[in-house]
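**Student:** Model the structure of this input:
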Amino acid sequence: MSYVKFKVPDKLKESIKSILNAIADTKDSKIRKGMNEVTKSIERGQAKFVVMAEDVSPPEILYHVPLLCEEKNIPYAYITTKKNLGNAANLNIGASSIAIDNVGTGNEKILDDIIKQVGALKK
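**Tutor:** Next comes the predicted model:
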């Protein structure tokens, strides 16, 4: 059994990557990186959106993240590789997961659009 609960179309993955990049470039944004930071952010109710890589090994590392997100009503999605996720968040290394705590000024609308598209996938 995997932690990937639904398939995200490639076009939506590209949109998520570009939005992560825009948010990471915004001065007053806050992005948490890595499974431990993401878990804390979800448990504290600070995360607005969570993105996980699909190629995490072993998969048990992220098994609890979708469950926590659903419990706290936090939207989440997947990107194909850790490297792509790290690059999207302006990191020089791959990331298993990231959480957006603060989208930064002017990014609220673009994140809301992505959240709606991801919500439609889960139905």
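
**Student:** and the nearest residue to Ile93 once chain neighbours are set aside, which of the three is it?
**Tutor:** The shortest distance from Ile93 to any residue that is not its chain neighbour, by CB to CB, 6 or more residues apart in numbering, is 5.3 Å, and that residue is Gly86. In short, each C-beta sits where N, CA and C put it, glycine included. Gly86 carries the three-state label helix when classified by DSSP: H, G, I helix; E, B strand; the rest coil.

**Student:** Could you shift the numbering so residue one becomes 94, and keep it that way?
**Tutor:** Understood, numbering begins at 94; the last thing we discussed is Gly179.

**Student:** number of nearby residues for Gly179?
**Tutor:** The tally of other residues near Gly179 (other CB atoms under 10 Å) stands at 19.

**Student:** Contacts only, for it.
**Tutor:** If you count contacts by CB atoms under 8 Å, 6 or more residues apart in numbering, Gly179 has them with Lys126, Asn185, Ile186, Gly187, Ala188.

**Student:** top of those residues by neighbour count?
**Tutor:** The most crowded member of the contacts of Gly179 is Ala188, carrying 26 neighbours; neighbours defined as other CB under 10 Å.
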